[in-house]
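K.L.:
Got a predicted structure here, sequence first:
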Amino acid sequence: MKKHNFNAGPCILPQVALENTAKAVLDLDGIGLSLITISHRSKEFQAIIDETEALWMELLNIPAGYKVLFLGGGASTQFCMVPYNLMKTKAAYVETGVWAKKAAKEAKLFGKVEVIASSVDKNFTYYPKVTNIPTDADYLHITTNNTIYGTELREDLNSPIPLVADMSSDIMSRPVDVSKYALIYGGAQKNVGPAGVTFVIVKEDILGKVDRPIPSMLDYRTHVDKGSMYNTPPCFAIYTMREVLKWVKAQGGVKAMEKLAIERAKVIYDEIDRNKMFVGTVEPASRSRMNICFVMAEKYKDKEEAFLEFAKSQGMVGIKGHRDVGGFRASAYNALPMESAKALVACMQEFEKKNA
């Protein structure tokens, strides 16, 4: 039976990236050594990390003055690295879900946090308007896509202060005007690679402005100066990231990814809105293209487990909603083929015929 991978992360990756990584684990480019046993100081790995950075610069049209870093620790470590490096006294945060709240919590260790917009009043089922940005704050932090609740901001904000964005789960799914951001970060495992590597796109001239001493590993300048090689980087994950980005480029880049994301999401959302057994949980204007969340209609609440079992029998993987919200979640990342989106729709239609 064909499996349709809707996992929220680690997530589906392009088959060619998996195949090339598997070959490299056994023998990297015919050198007689495995990818996971070569020195990160070798010319072979230096070429890999250089090409990976070049692909980031090209695909997102990153302007001069920015550096792309490949770090460990996941996006969660960035929750503290951002304020450690950028906050002098105060920062503004937009509260749109679990990860945004965790980011704000860490920032409070370094100064005042002002939550300037929040969707907590409706259980994070919409993306709030971001207005009245305080000009006395050191930066504004947003989470562009919320994997748990399924909301997304698909526009680049104009901010009078440095803008920082957690783009863990929607990076490379649409064009981004990087020049509007001071820093963009995210865990790769939501869209651009396997777990284990974190990407950071940082504008170099925002660094070095705080007075506090920063531990070397938590100082962005350390990693900028050493080209992400201050310590041993996550070599395996960086290699796979390179292969994923090569695939994105071959498909036509981020504009092509956006077109596919719009088409995939429409297929699934149209069925959610049509099917009498299911209800979308997010206000239409805020619906994520990456994480499509829905629940059983009130009349059919007792059918939730039955649907999960039926979907599993039809090859659907990873559609159970996050434990904090329940229901269902279909994550439709870049590498998810339209075939899988249509298979989920067919599954929902078949379940409706048998149970409604």
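P.N.:
Sure, I can see it. Since this is a predicted model, take the numbers as computed values, not measurements.
K.L.:
Val345 is in contact with Gln314, correct?
P.N.:
No: counting by CB atoms under 8 Å, Gln314 sits too far from Val345 to count as a contact (11.2 Å). All C-beta spots, glycine's among them, are computed from the backbone N, C-alpha and C.
K.L.:
do you know how far Arg287 is from Gln251?
P.N.:
Distance of Arg287 to Gln251, given as CB to CB, to the nearest Å: 23 Å.
K.L.:
next one: Asp302
P.N.:
Asp302 is 42 Å from Gln251, by CB to CB.
K.L.:
Could you do Leu308 as well?
P.N.:
In terms of CB to CB, Leu308 sits 32 Å off from Gln251.
K.L.:
related to what we said a few turns ago, who has more neighbours out of Arg287 and Gln251?
P.N.:
Arg287 (22 against 16; other CB atoms under 10 Å).
K.L.:
Next up, the contacts around the more buried one.
P.N.:
Gly150, Thr151, Glu152, Ala265, Tyr269, Gly280 (CB atoms under 8 Å, 6 or more residues apart in numbering).
K.L.:
Can you give me the distance of Tyr185 to Asn275?
P.N.:
37 Å.
K.L.:
So if I had to pick from the two, which one is more boxed in?
P.N.:
Using other CB under 10 Å as the criterion, Tyr185 and Asn275 rank with Tyr185 on top: 25 against 17.
K.L.:
Does the more buried one touch Thr143 like I think?
P.N.:
No: Tyr185 is not in contact with Thr143 according to CB under 8 Å; the separation is 10.5 Å.
K.L.:
what do the two both touch?
P.N.:
By CB under 8 Å, 6+ apart, the residues touching both Tyr185 and Thr143 are Ala165, Asp166.
K.L.:
And the strands in the stretch 251-356 of the chain, which stretches?
P.N.:
According to DSSP state E, counting those that start in this stretch, the stretch 251-356 of the chain carries its strands in the segments 278-280, 291-296, 316-317, 328-331.
K.L.:
what's the closest of those strands to Ala104?
P.N.:
Judged by CB to CB, the one of the strands of the stretch 251-356 of the chain that comes nearest to Ala104 is strand 291-296, at 20.6 Å.
K.L.:
what about the helices in the stretch 251-356 of the chain?
P.N.:
With DSSP state H, counting those that start in this stretch as the criterion, the stretch 251-356 of the chain has helices at 253-274, 304-313, 338-355.
K.L.:
mind listing the helices in this structure by residue range?
P.N.:
15-26, 43-59, 74-86, 98-107, 220-225, 235-251, 253-274, 304-313, 338-355 (DSSP state H).
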